[in-house]
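>>> no sequence on this one, just coordinates:
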């Protein structure tokens, strides 16, 4: 069974601080996706990484896929209150079936 | 709207009753997924439909859970003889290529 472990589970920081969320597995994934979910809504895709060692930037967000395609990280620079939400990583496998991590609840205080 | 819609948004039921949850995917999307999300947790895969192929039911937790997809579009997730541990948010997603687009979910509460 493929499992994804996310850490930390909860993060509360001040506006302007930097943070990193980690997603680790003992399994290799064909792709790794990061989602953001707000209360009462479904997850929204932020990025997909498919190549080992790949780095993608989305404004203040930087996503990295490990060389062995078993782990990934999300780094946010100068966090803002609008970044508050649940961040989920998901590993892609057979038939586009996704394996989700348990999520990281991020709260950014102004 | 052009997104995935789900109904009802909230459902409260008594233990032992059956419930039906509906998902309307984005028009033209060939794949449809159901997930379950417990409070503040990640998503648990339930079932996957792709075109006319037999669905992947490997995530259904028990035989009380079933789903169908009519005409390659609308899907219904049915839970029979609901139990309190079935309380969760049930999310539906559809896709054409790799990106899955999620609906807002149905919050099911079993009393």
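Now that the structure is in, tell me what you want to look at. This is a predicted model, so every value here is computed, not measured. Residues are numbered from 1 along each chain as shown, chains lettered A, B, ... in the order given.

>>> of all of chain B, which residue lies closest to chain A?
residue B:102 (2.8 Å; CB to the nearest CB). From N, CA and C alone the C-beta is placed, and that goes for glycine too.

>>> run through the bridge partners of that residue.
residue B:93 (DSSP bridges).

>>> tell me the contacts of it?
Applying CB atoms under 8 Å, 6 or more residues apart in numbering or on different chains to residue B:102 gives the contacts A:41-44, B:4, B:91-93.

>>> show the pLDDT at it.
On pLDDT, residue B:102 comes in at 95.

>>> who are the packing partners of the helix or strand of chain A with the lowest mean pLDDT?
Least confident helix or strand of chain A, by mean pLDDT, DSSP states H and E, is strand A:98-100 with a mean of 89. Strand A:98-100 sits against strand A:85-92, strand B:43-50, with contacts defined as 3 or more CB pairs under 8 Å, 6 or more residues apart in numbering or on different chains; DSSP states H and E.

>>> three-state assignment of the closest residue to chain B within chain A?
Nearest residue of chain A to chain B (CB to the nearest CB) works out as residue A:42 at 2.8 Å. Secondary structure, DSSP: H, G, I helix; E, B strand; the rest coil: residue A:42 is coil.

>>> which residue is the nearest non-sequential neighbour of it?
Distances taken as CB to CB, 6 or more residues apart in numbering or on different chains put residue B:102 closest to residue A:42, at 2.8 Å, once the chain neighbours are dropped.

>>> interface residues of chain B facing chain A?
B:4, B:31, B:33, B:35, B:40-45, B:48, B:50, B:56, B:91, B:93, B:95, B:98-105 (CB under 8 Å from any CB of the partner chain).

>>> change it to 10 Å
Counting by CB under 10 Å from any CB of the partner chain, chain B comes close to chain A at B:3-4, B:6, B:9, B:31, B:33, B:35, B:37-38, B:40-45, B:47-48, B:50, B:53, B:56, B:58-59, B:89, B:91-93, B:95, B:97-105, B:107.

>>> just the buried ones from the residues you listed?
Taking 16 or more other CB atoms under 10 Å in any protein chain shown as the criterion, what is buried in the residues of chain B next to chain A is B:4, B:6, B:31, B:33, B:35, B:37, B:41-45, B:47-48, B:50, B:56, B:59, B:89, B:91-93, B:95, B:100-105, B:107.

>>> identify the residues contacting the host helix or strand of residue B:66?
Element membership of residue B:66, judged by DSSP states H and E, is strand B:65-69. Residues outside strand B:65-69 that contact it (CB atoms under 10 Å, 6 or more residues apart in numbering or on different chains): B:20-21, B:23, B:25, B:32, B:34, B:36, B:46-52, B:55, B:57, B:59-60, B:74-80, B:86, B:92.

>>> any idea of the angle it forms with strand B:43-50?
Interaxial angle, strand B:65-69 versus strand B:43-50 (axes from the mean of the first three to the mean of the last three CA atoms, to 10 degrees): 40 degrees.

>>> which ones are touching residue 58?
Went with chain A since none was named. Here residue A:58 is in contact with A:34, A:46-47, A:74 (CB under 10 Å, 6+ apart).

>>> my bad, the chain I had in mind was chain B
Neighbours of residue B:58 in contact, by CB under 10 Å, 6+ apart: A:95, A:97, B:45-48.
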